[in-house]
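Colleague: structure for the following, please:
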Amino acid sequence: MPDAARPLGRVLQPRSIALVGASADPRSFGGFVLANVERFGFAGALHLVSRSSAEIGGRACVKTVDELPEGIDLAVLAIPEAGVLDAVRSLGARHCHAAVLFASGYAETGDEGRAKQAELAAVAEAAGMLLIGPNCMGFTHFAAGVPVTFELLERDAYRAAEAGHGGIGIIAQSGFMAATLRDAFTGRGLPLTCQFSTGNEASVGVEDVLAAYLDDAATRVIAVYAEQVRRPRLFLSLARRARELGKPIVLLMPGRSERARHAAASHTGALAGDHASASVLLQREAVVVVDTLDELFDTTAVLLSHPRPAAGGAAFVTGSGAMKNIALDLADGIGLDLPALGAPTVQALAEKLPSYAVAENPLDYTTIGVRQPGLIGELVHTMAADPAVGSVVLCIPVGPVMAQRDKADHIVPALGRCPKPAVLVLTGDAGPVEPFFLEAIRASGVPFFRSADRALRALKRVAQYAEALERAARTDEFAARPLPDAGLPGPAPANGIYPEYQGKAWLNSAGIAVPHGSLARTADEAVAIAEGLGWPVVIKAQASSLPHKSDVGGVIVGLADAAALRAGWVTLMDNLATHRPDLTLGGVPGSGLDGVLVEAMGSRGLELVVGARNDPAWGPVVLVGLGGVWIEALRDVRLIPPDLAEPDIVAELQRLKAAPMLAGIRGATGVDVAAIAHVVATLGALMRANPAIAEIDVNPLVAYPDRVLALDALIVVGPAQGASA
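Modeller: Modelled structure (predicted):
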């Protein structure tokens, strides 16, 4: 697929449509598409191709594609897979611009299907024709009246985005998910611009549709379901443009589990990439990556009303002490900040509340709302004005009809006027809500929930988005700085893995401290080096083919004098003779044992791991966390973008579960967090400056109160060799 997005103007707003497989059978795919096009009042030219009918509903049909006029903008193939390739060839010969393919039986089925899809794509590419699908449900451009899908749609059931107001653009590789998102937003009365199912993406992919939505003035927020982003670098560049335009992208991308990755491959022919790396780099560009369908629905709804949310935590307003306590637990469980209110806010609230109410966040305003429903809106606005507050939740019961009327007349309009995201939660699960109340909520544009849990989770994502926008601006500034001119550690070894001594020398030249040491090829040389360093020392076998030295007894520590070193040398050589007899001294460096690294023993400190990996699809990411033996046991790590500024790296370090250890616990002295952040930033810069590097691993990086020291280093170039320590 090309690196640039394909223009879809003639696809989304065609002047002419050809329906191949038109049918008088109202329950056939061709019958559904024809009914949709007529119901939506498509104003362009409509051409029908049917082998069995001369006319359908008063519209003349032709029997073959070859009888169609040239230059049709969009063809819809409502035919079985067996006839698709010939139809595409014929459409290409007629200079058709694009075609929608519903048929299944392609890449989602395995190797044979992938071969058929590749042939289909090649034929279309040669003809200069775009393909939507195969294995898709088509798309519906609501504002333009173009419903080319085999779902039978009622136009009046959907609210198209109006000029100047903005709506939601939906993109999903799965047709089921495209319909699910459409129905979820429609059920909330939210306006839509377009719903697009890309299917197997033989030609047109998620990235192309995303680019079209960014160019569409009516699309304010974009909801995406993608099992694989096939052009990650393009997607990231579009995401950057989206944040510059102030158009949030909310993305659900399954694949965190191995089973989900396998299922994605069997569903849409996707070969899933590294989900963790993808998420980190998407979030770097302020894409809102969510974990569940509910979060996709809910976060999109909130961002539609406030696409540029203010940074800050949430304020929770209710008339129930019980709900206040529940909110505290819910927010704590998902990591949503309910910030303390500033003194001016507390004073302003105290002036409105009865003396027995406590002016704090969460706020229980007690029973005053029964007699003064308008006061609740004032309380919401007072809390929203606090600088620490980025959004507000009002959680109230539905109540009887009179109470619902009060809420519709006083509370909902106040929420609609709130300058920050303000959401309404009506408790009582599926308890009945009067139609007039629902209409008032929908007319106001206020995001509406029946679950405080879902509301708070959505606001957590909104808060993350606001924070991501601020962080991205700082990251852009940091990323613009010159990169180090470090080159590579030396000529690349045959297996791509540099021995430790070369990797350490390279890191040291980039400003990362390593233990003092030198390479020895005899025991006498080792003793001489150790005498210069001072005792005790450690010795390590060095070879490109030996990234895991400890596994074969290739590391001997704590050698306190010359006699101990000579004995250790013999032990190390015996270990290699047993486990790796191919590694002997005397050969050409790189083909055997390069030598033995003699280093000064480092003192005890806090062991961390810092590493970086160049994901083949998405690009480099950096990892930092608790190292040594702890990395396998606890997996307490943070993945971050490679161009994050050092203050933001420090903030990421504070999100580790082991963060208290950085500050010192049980009387221990804290470590130099700024020095750790500098190493992380340096590794990121080295990865960005050297695309040939597949992996860097520093484990452990030992942190002390005033410095850090890289005790081991692994550098891999080319495709990763699975050599991570």
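
Colleague: using CSV, list the CA coordinates for stretch 533-540.
Modeller: Once non-C-alpha atoms are left out, stretch 533-540 reads as follows in CSV (Å, rounded to 0.1, in the frame of the first residue of the first chain):
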residue,chain,number,x,y,z
LEU,A,533,41.3,-0.8,38.0
GLY,A,534,41.6,-1.8,41.6
TRP,A,535,40.0,-4.9,43.3
PRO,A,536,37.5,-6.5,43.3
VAL,A,537,36.7,-7.1,39.6
VAL,A,538,34.3,-9.1,37.4
ILE,A,539,35.2,-11.0,34.3
LYS,A,540,32.9,-11.7,31.4
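
Colleague: hmm, who's touching that stretch?
Modeller: Applying CB atoms under 8 Å, 6 or more residues apart in numbering, the contact partners of stretch 533-540 are 500, 516-517, 520, 526, 529-530, 549, 554-561, 565, 568-569, 572, 596-601. The C-beta positions use only the backbone N, C-alpha and C, and glycine is treated the same way.

Colleague: what residues of the longest helix seen in the chain count as buried?
Modeller: Using DSSP state H to define each element, the chain has its longest helix at helix 452-479. Across helix 452-479, burial judged by 16 or more other CB atoms under 10 Å covers 452, 454-469, 471-472, 475-476, 478-479.

Colleague: re earlier: mind giving me the ChimeraX command for buried ones among the contacts of stretch 533-540?
Modeller: To isolate the buried ones among the contacts of stretch 533-540 in ChimeraX, judged by 16+ other CB under 10 Å, type:
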select :500,517,520,526,529,530,549,554,555,556,559,565,568,569,572,596,597,598,599,600,601
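
Colleague: in strands, which of the contacts of stretch 533-540 fall?
Modeller: By the criterion of DSSP state E, membership of the contacts of stretch 533-540 in strands covers 517, 520, 555-559, 596-600.

Colleague: among these, which one lies nearest to residue 29?
Modeller: Comparing the ones in strands among the contacts of stretch 533-540 against residue 29 with CB to CB picks out residue 555 as the nearest, at 66.2 Å.

Colleague: so what's that closest one bridging to?
Modeller: Taking DSSP bridges, one finds residue 540 as the beta-bridge partners of residue 555.

Colleague: that one contacts residue 546, correct?
Modeller: No: using CB atoms under 8 Å as the test, residue 555 is too far from residue 546 to be in contact (10.4 Å).

Colleague: tell me which helix or strand in the protein has the weakest average pLDDT.
Modeller: Among the helices and strands of the chain, helix 258-268 carries the lowest confidence by mean pLDDT, DSSP states H and E, at a mean of 46.

Colleague: other SSEs contacting the helix or strand following that one?
Modeller: Sequence order places helix 275-284 as the next helix or strand after helix 258-268, per DSSP states H and E. Other elements packing on helix 275-284 under the criterion 3 or more CB pairs under 8 Å, 6 or more residues apart in numbering; DSSP states H and E are helix 232-245, strand 288-290, helix 452-479, strand 606-615, strand 619-626, strand 637-640.

Colleague: okay if I get these as CSV plus mean pLDDT and distance to residue 47?
Modeller: CSV is the format used below for these (pLDDT from 0 to 100; distance: least, CB to CB, whole Å):
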stretch, mean pLDDT, distance to residue 47
helix 232-245, 97, 33
strand 288-290, 97, 41
helix 452-479, 96, 45
strand 606-615, 92, 46
strand 619-626, 92, 45
strand 637-640, 92, 52
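
Colleague: surely residue 441 meets residue 425?
Modeller: No: Residue 441 is beyond contact range of residue 425, at 11.4 Å (criterion: CB under 8 Å).

Colleague: tell me, how many residues neighbour residue 495?
Modeller: Applying other CB atoms under 10 Å, we find 15 other residues in the vicinity of residue 495.

Colleague: correct me, but it touches residue 544?
Modeller: Yes: here residue 495 lies in contact with residue 544, judged by CB under 8 Å, at a distance of 5.9 Å.

Colleague: okay, residue 35: pLDDT?
Modeller: At residue 35, the predicted lDDT confidence score is 96.

Colleague: doesn't residue 646 make contact with residue 674?
Modeller: Yes: contact criterion CB under 8 Å: residue 674 and residue 646 qualify, at 7.1 Å.

Colleague: between those two, who's got more neighbours?
Modeller: For the pair residue 674 and residue 646, the greater number of neighbours falls to residue 646 (16 against 13), based on other CB under 10 Å.

Colleague: report the separation between the more buried one and residue 475.
Modeller: The span separating residue 646 from residue 475 equals 11 Å under the rule CB to CB, to the nearest Å.

Colleague: look up the closest residue to residue 549, ignoring the ones flanking it.
Modeller: Leaving aside its chain neighbours, residue 549 sits nearest to residue 555 (5.0 Å; criterion: CB to CB, 6 or more residues apart in numbering).

Colleague: helix, strand, or coil at the closest residue to residue 71 other than its chain neighbours?
Modeller: Sequence neighbours aside, residue 95 is the residue nearest to residue 71 in space, at 5.2 Å (criterion: CB to CB, 6+ apart). Recorded secondary structure, residue 95: coil (DSSP: H, G, I helix; E, B strand; the rest coil).

Colleague: check residue 95 and give its pLDDT.
Modeller: The predicted structure lists residue 95 with a pLDDT of 98.

Colleague: quick one: the helices in the stretch 401-550 of the chain, in order.
Modeller: 401-406, 412-416, 435-444, 452-479, 500-509, 523-533 (DSSP state H, counting those that start in this stretch).

Colleague: which secondary structure elements does the longest one contact?
Modeller: Where contact means 3+ CB pairs under 8 Å, 6+ apart, helix 452-479 is packed against helix 275-284, strand 288-290, helix 293-305, strand 313-318, helix 321-334, strand 389-397, strand 422-427, helix 646-653.

Colleague: just give the number of residues close to residue 139.
Modeller: Residues near residue 139, counting by other CB under 10 Å, number 26.

Colleague: these two touch, right, it and residue 195?
Modeller: Yes: the pair residue 139 and residue 195 qualifies as a contact (CB under 8 Å) at a distance of 6.2 Å.

Colleague: can you pull the residues that touch both of these two?
Modeller: With CB under 8 Å, 6+ apart, residue 139 and residue 195 have common neighbours residue 178.

Colleague: any stretches of the stretch 1-150 of the chain with poor pLDDT?
Modeller: Using pLDDT under 70 as the threshold, the predicted model of the stretch 1-150 of the chain has low-confidence ranges 1.

Colleague: ranges for the helices of it?
Modeller: Per DSSP H, counting those that start in this stretch, the stretch 1-150 of the chain carries helices over the ranges 9-12, 29-39, 84-93, 111-127.

Colleague: can I get the ones you listed in TSV with distance to residue 653?
Modeller: Compiled in TSV, the helices of the stretch 1-150 of the chain are given as follows (distance: least, CB to CB, whole Å):
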stretch	distance to residue 653
helix 9-12	45
helix 29-39	54
helix 84-93	54
helix 111-127	44
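
Colleague: for residue 669, find the nearest of those.
Modeller: Within the helices of the stretch 1-150 of the chain, the stretch nearest residue 669 is helix 111-127; the backing value is 58.5 Å (CB to CB).

Colleague: separation between residue 620 and residue 214?
Modeller: According to CB to CB, residue 620 stands 25 Å off from residue 214.

Colleague: return the most buried member of the helices of the stretch 1-150 of the chain.
Modeller: Each of these was assessed for mean neighbour count using mean count of other CB atoms under 10 Å. The highest is helix 29-39, with a mean of 21.

Colleague: and that helix, how far out from the chain's middle?
Modeller: Mean C-alpha position of helix 29-39 versus that of the full chain (CA atoms, centre = their mean, to the nearest Å) differs by 36 Å.

Colleague: what packs against that helix?
Modeller: Applying 3+ CB pairs under 8 Å, 6+ apart, we find helix 29-39 packed against strand 16-20, strand 146-148.

Colleague: as TSV, those strands with mean neighbour count and distance to residue 309 would be great.
Modeller: As requested, those are arranged in TSV below (neighbours: other CB atoms under 10 Å; distance: least, CB to CB, whole Å):
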stretch	mean neighbour count	distance to residue 309
strand 16-20	24	39
strand 146-148	25	32
